[in-house]
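J.: need a 3D model of the sequence below.
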Amino acid sequence: MHIYEVLKRPIITEKTVLAGDLGQYSFEVDMRANKILVKDAVETAFNVTVNTVNILVMPAKTARRGRRVAIRKPKWKKAVVTLAPGNSIQLFEGV
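T.: As a prediction, this is how the structure comes out:
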């Protein structure tokens, strides 16, 4: 997998912006990505040093349609990246 296919989009919510003060940033990543690929992608794209990477698989959102259970949104993978002290990503600043 190419390094620029790993990161899909940043996740900018109220909770993730507050975690930015701790040096933690969240991204939606490809389902095939692992911690090593995410670390290399963030370090290459933003020119920072990554300490740790935590990966979560967010479950699918379902909805009832009579007796059937339909999937509204498919499952996706989220990565929470902790940067070394003194590093920051300008994309998240000022939001």
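J.: what stretches of the protein score poorly on pLDDT?
T.: Across the chain, the ranges flagged by pLDDT under 70 are 92-95.
J.: the strands in it, which residues?
T.: Under the criterion DSSP state E, the chain carries strands at the ranges 7-10, 24-29, 50-58, 61-65, 68-73, 76-83.
J.: what's the closest of these to residue 91?
T.: strand 7-10 (6.0 Å; CB to CB). For the C-beta atoms, the positions are set from N, CA and C on the backbone; glycine is no exception.
J.: what residues are up against the residue nearest the centre of the chain?
T.: Centroid check for the chain by CA atoms, centre = their mean gives residue 27 as the closest residue, at 1.9 Å. For residue 27, the contacting residues are 7-11, 38, 42, 78-79, 81, by CB atoms under 8 Å, 6 or more residues apart in numbering.
J.: kindly recompute the last result at 7 Å.
T.: By CB atoms under 7 Å, 6 or more residues apart in numbering, the contact list for residue 27 reads 7, 10-11, 79, 81.
J.: for the residue lying closest to residue 37 once chain neighbours are set aside, the count of nearby residues, please.
T.: Among residues not flanking residue 37 along the chain, residue 6 sits closest, at 5.1 Å (CB to CB, 6 or more residues apart in numbering). Burial of residue 6, expressed as a neighbour count using other CB atoms under 10 Å, amounts to 22.
J.: that concludes my questions; thank you for your assistance.
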